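Novice: Fold the stuff below for me.
(chains A and B)
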Amino acid sequence: MTDGELLEQVRAGDHAAFGELVERHRSAVYRAAFAALGNDADAEDIAQEALVLAYRRLDQFRGDASVRTWMVSIAWRLALSRRRRLWWKGNRAVVHETELQALRDVTPSPEARVQSAQFIKTVQREIRRLPPKLRDALLLTAAGDLTQDEIAAALNIPGATFRGRVRDARLRLKARLGEKP
Amino acid sequence: MNEHEFDRAIDVAAGTLMAREPSRALGYDVMARVRESATPKPWRFGWMAATASIVLCAAIATTVMNQAPELAIRLPHAATLAIADPAVVPDVPADLLRETPQRRVVARIRKEGVSAVVLPPDDSSTIEPIETDPIALSTIDVPQLERESTSIESIRVEPITIEPLSASND
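Specialist: Residues are numbered from 1 along each chain as shown, chains lettered A, B, ... in the order given. Model prediction:
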């Protein structure tokens, strides 16, 4: 059953159909929130808010984009709002510390084992130091849940602008990593 | 390390950062809230009814307050009046007696006088006619006073002599 058919069922009053939609897209929504916030607790909280908000605003879904893109766009706006609030509260250092802890907890994938573990950690640290817009573009692309054009639509920016940010992020990382011994 | 190796390292590092899954509780929590929001809540209607009642009461109170007389008339202290006494209209401050019902009542009592007071039947009695003697008019003799004429003698004034000033200071 497609997302569109599930949506019709939800609009007809079938709440279980929305549960199926949540099951399909909750990971993408959660990872988008994590890309913006950098810690599990906030990401899970924002993902829950976004999915509930999507249910309440089903009438506003026009079908211009996929259901996943629409849900991710809701989560992205909520996550950016949370990130601004955290920054203004002065919790930026806390978020960074949480991110560092997350980096330590990450289990390397088989591909990552090919590389030096130490170098991968260095790259991750440099990714974290990128400007937010470039880091967001790089991490959302790496999540692999949406294409670059879909991410651009979710972020409400032109596709070319998004691809330019990914390219700039890579160039900056290469420049910094090339300087390191 | 060449360009391709850098790109590979960046992809692996970023992919490892994002290789995460939400907890199973996320889906359950979302659906619990969805079911909660889908079911109508009686207390919501209760709150709406309470709010509507408060607004209605406020509107009624405002209307009543606006219709109250602008001038509060302070009546004089109660006066104890005897039943058979003629009606005594207590003095009411003139500034309080404009076009009010009290003024009309007071004016009516003043105009009708005692008749406005209903006397008890025990106090009524017939008055017999009073006989009076006719009044006889008699002439009054007034004695004539004698007129005396008096003449004033002429006054003689002595000439005044003025003494010099130096002589008088000594």
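Novice: going forward, measure contacts and count neighbours with C-alpha atoms only.
Specialist: OK.
Novice: thought residue A:152 was touching residue A:165?
Specialist: No. Contact criterion Cα atoms under 8 Å: residue A:152 and residue A:165 do not qualify, at 10.6 Å.
Novice: Neighbour count: those two, which is higher?
Specialist: residue A:152 (21 against 18; other Cα atoms under 10 Å in any protein chain shown).
Novice: Roughly how far does residue B:57 sit from residue B:50?
Specialist: Per Cα to Cα, to the nearest Å, residue B:57 is found 11 Å from residue B:50.
Novice: How about residue B:58?
Specialist: In this view, residue B:58 and residue B:50 are 12 Å apart by Cα to Cα.
Novice: try residue A:38
Specialist: Applying Cα to Cα, the value for residue A:38 to residue B:50 is 45 Å.
Novice: now swap in residue A:83 and tell me
Specialist: Distance from residue A:83 to residue B:50, by Cα to Cα: 39 Å.
Novice: Now do the buried residues in stretch B:25-36.
Specialist: Buried positions in stretch B:25-36, judged by neighbour count with 16 or more other Cα atoms under 10 Å in any protein chain shown: B:26, B:27, B:30, B:31, B:34.
Novice: so how far is stretch A:20-31 off the chain centroid?
Specialist: Put simply, stretch A:20-31 sits 12 Å off its chain's centre (Cα atoms, centre = their mean, to the nearest Å).
Novice: Likewise for stretch A:48-62?
Specialist: Stretch A:48-62 sits 18 Å away from the centroid of its parent chain (Cα atoms, centre = their mean).
Novice: Any idea how far apart the tips of that stretch sit?
Specialist: Span of stretch A:48-62 from end to end, Cα to Cα: 22 Å.
Novice: Check whether that stretch comes into contact with chain B.
Specialist: Yes. Contact of stretch A:48-62 with chain B (Cα under 8 Å from any Cα of the partner chain) involves A:48, A:49, A:51, A:52, A:55.
Novice: Identify, from the buried residues of stretch B:25-36, the entry nearest to residue B:142.
Specialist: residue B:34 (128.3 Å; Cα to Cα).
Novice: pretty sure the closest one is in contact with residue A:54, am I right?
Specialist: No. Look at residue B:34 against residue A:54 with Cα under 8 Å: they stay out of range, at 10.1 Å.
Novice: What helices and strands are in contact with the helix or strand hosting residue A:70?
Specialist: For residue A:70, the enclosing helix or strand under DSSP states H and E is helix A:67-88. Using 3 or more Cα pairs under 8 Å, 6 or more residues apart in numbering or on different chains; DSSP states H and E as the contact criterion, the elements in contact with helix A:67-88 are helix A:15-37, helix A:40-56, helix A:148-155.
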